[in-house]
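A.B. asks: any chance you could fold what I've pasted below:
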Amino acid sequence: MNVLDLSTAASRRFPARRITQNIVGGLSPIQSDKFAMGHVVLEPRGGQVPWHNQEQEELYLVLEGVGEMCLGSERRLLTAGQAVYIPPRVYHQLTNVGDTPLRMIYVYAPGGDVAHWRQELDGTLPRAGMEAPPLPEGAQPQWHSAASDGGSP
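C.D. replies: Predicted structure coming up:
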């Protein structure tokens, strides 16, 4: 039996001020080619899953905290207990706008790695309004690499 305990599971820190733990796929002992699942903590006031898209369909479920969700041209706040469906290839971003950590679960299918993880770590994430479509009006700015323009929000 493969059991994962989040209290001891491996984690990865990303530059956009978040920690990700793979529950299914990635570094997890639980693997599936049908779907991937993870636990994410966004740091208070700005921790982010930056503006990106991917081939997989996805779902975010907020467990604690409050975040600004941008999906295509839409923008709204998500709070604990709310989930949002993300269609394939649609740009999206989640930013913690609260004073406490935002905890969420993601699930995407099919499984496998998504390019935005490596792009963020390498500083090559496409930027909103430049190499990627613009964020919705009034949205929190997209995190981007200090190497690409001298700073990040």
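A.B. asks: would you check that Leu27 makes contact with Ala10?
C.D. replies: Yes: applying C-beta atoms under 8 Å, one finds Leu27 in contact with Ala10, separated by 4.5 Å. The C-beta positions use only the backbone N, C-alpha and C, and glycine is treated the same way.
A.B. asks: ok, and what's touching the helix ranked longest in the chain?
C.D. replies: Using DSSP state H to define each element, the chain has its longest helix at helix 115-122. Residues outside helix 115-122 that contact it (C-beta atoms under 8 Å, 6 or more residues apart in numbering): 14-16, 20, 50, 52-54, 125-126, 143, 145.
A.B. asks: now, these that are in strands?
C.D. replies: Among the contacts of helix 115-122, the ones falling in strands (DSSP state E) are 14, 20, 50, 52.
A.B. asks: need the contact list for the second one.
C.D. replies: With contact taken as C-beta under 8 Å, 6+ apart, Thr20 is in contact with 11-12, 14, 38-40, 117.
A.B. asks: that older thread, for the record, mean pLDDT for the longest helix of the chain?
C.D. replies: If you average the pLDDT over helix 115-122, you get 92.
A.B. asks: from the chain's centroid, how far away is that helix?
C.D. replies: Put simply, helix 115-122 sits 11 Å off its chain's centre (C-alpha atoms, centre = their mean, to the nearest Å).
A.B. asks: mind listing the strands for the protein?
C.D. replies: For the chain, the strands defined by DSSP E cover 12-14, 18-24, 36-42, 48-52, 57-64, 66-71, 74-79, 83-86, 92-96, 102-109.
A.B. asks: ok, Pro15 touching Trp143?
C.D. replies: Yes: if you go by C-beta under 8 Å, Pro15 and Trp143 touch, sitting 7.0 Å apart.
A.B. asks: which of those two has more residues huddled nearby?
C.D. replies: Comparing Pro15 with Trp143 by other C-beta atoms under 10 Å, the one with more neighbours is Trp143, at 24 against 18.
A.B. asks: for the residue nearest the centre of the chain, which non-adjacent residue is closest in space?
C.D. replies: Geometric centre of the chain, nearest residue: Val49, 3.2 Å, by C-alpha atoms, centre = their mean. Spatial nearest neighbour of Val49, chain neighbours left out: Leu94 (4.6 Å); criterion: C-beta to C-beta, 6 or more residues apart in numbering.
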